[in-house]
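**Q** Here is my input; please provide its structure:
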Amino acid sequence: MEYKLENHVLSVTFQTLGGALHSIQTREDGLEYLWQGEKQYWSGQAPVLFPICGSIRDDRARTAGGKELHMPRHGIVRKREFECREQTEDSILFTIESDEETYQMFPYHFRLGILYRLEENRIVTEYLVENTGEEEMPYFIGGHPGFNCPLFQDEEYQDYRIEFEQEETCTVPRPVTETGLIDMEHRTEFLSGQRSLPLSHTLFEKDAVILDSLKSRRVRLCSGRHDRGVELTFDGFPYLILWSSANSGPFVALEPWTGLSTCSDEGDVFEEKRNVQSAGAGEIRKYAYTITVY
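**A** As a prediction, the model looks like this:
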């Protein structure tokens, strides 16, 4: 089922499948910013990643207390139906609760809320992670919105760039495409005193770009041929993943994550993964990022 929020600037559509964004259009000219899921490239659009971001080794892990976890890439909610719990003129709340099926994969009781707010030319996405069980719950959460690139038919992918809030110098670890994991021992130079990254399909020939040491908490996807684009603000998310399909998909995903796929220097104990999040019994933790449309 689909739901819509509109104001004088944007028309934004959501779907209960995955509780996810489905369309972001400007009211003035109907320009579509969100990737529309062409299957030959990537059938997704903006999945919500919970309770893992990326992959765990062989899709399995265990908790410090000895419980077994068995989850596919990006977790267990992105292909499940959410319930629309509340809608106002400028906001909408989707929720999903753990059940017997999710408990077999992730042995914790939870409620996940996704609150979207429309503010002028901005879409605020807020995740509300609630531990409805009686023991500490480890988890990760992240977003995966893909954006049309190029936005117009007379442009090329190479017309676009990612602009960073701050000047960046960093290396990136190597993604292991065969397993979905990350090789932390082999890092390559990526940015050197730069605030701008020209886009090309060659960036994604070996899967995603894992920016695990950025200073910037705001990035912008923009073109050299006009002033339209999107900006992502991701305070509270330590990692930003850039991704597009290896077959030259006409989109780029800007993904704020709280955690990463299992890394080569990590074992399989879930609580020992980098930046693991935790919610106590009855606790609700909140995370938000903002998409600004130009």
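**Q** Pull the contacting residues for residue 240.
**A** Residues in contact with residue 240 (Cβ atoms under 8 Å, 6 or more residues apart in numbering) are 211, 214, 219, 232, 234, 254-257. C-beta here means a position set from N, CA and C on the backbone, and glycine is covered the same way.
**Q** and which of those is nearest residue 143?
**A** Nearest to residue 143 out of the contacts of residue 240 is residue 256 (Cβ to Cβ; 5.2 Å).
**Q** Make sure that closest one is indeed in a strand.
**A** Yes. Using DSSP: H, G, I helix; E, B strand; the rest coil, the assignment for residue 256 is a strand.
**Q** show me where this protein has helices.
**A** For the chain, helices defined by DSSP state H occupy the ranges 100-105.
**Q** Show me the shaky parts of it.
**A** Applying pLDDT under 70 to the chain flags no residue at all.
**Q** What's the local residue count around residue 95?
**A** 17 (other Cβ atoms under 10 Å).
**Q** again with residue 245
**A** Other residues lying near residue 245 total 17 when counted by other Cβ under 10 Å.
**Q** I'd assumed residue 42 was in contact with it.
**A** Yes. Between residue 245 and residue 42 there is a contact at 5.0 Å, judged by Cβ atoms under 8 Å.
**Q** Now list whatever residues contact both of these two.
**A** residue 251.
**Q** got a list of what residue 248 touches?
**A** Listed by Cβ under 8 Å, 6+ apart, the contact set of residue 248 reads 41, 157, 201.
**Q** Quick check: the gap between the second one and residue 131.
**A** Meaning residue 157. 42 Å (Cβ to Cβ, to the nearest Å).
**Q** Excluding chain neighbours, give the residue nearest to the residue sitting nearest the centre point of the chain in space.
**A** In the chain, the centroid-proximal residue (Cα atoms, centre = their mean) is residue 143; its distance is 2.0 Å. Nearest residue to residue 143, sequence neighbours excluded (Cβ to Cβ, 6 or more residues apart in numbering): residue 256, at 5.2 Å.
**Q** And stretch 283-292, how far out from the chain middle?
**A** Chain-centre distance of stretch 283-292: 12 Å, with Cα atoms, centre = their mean, to the nearest Å.
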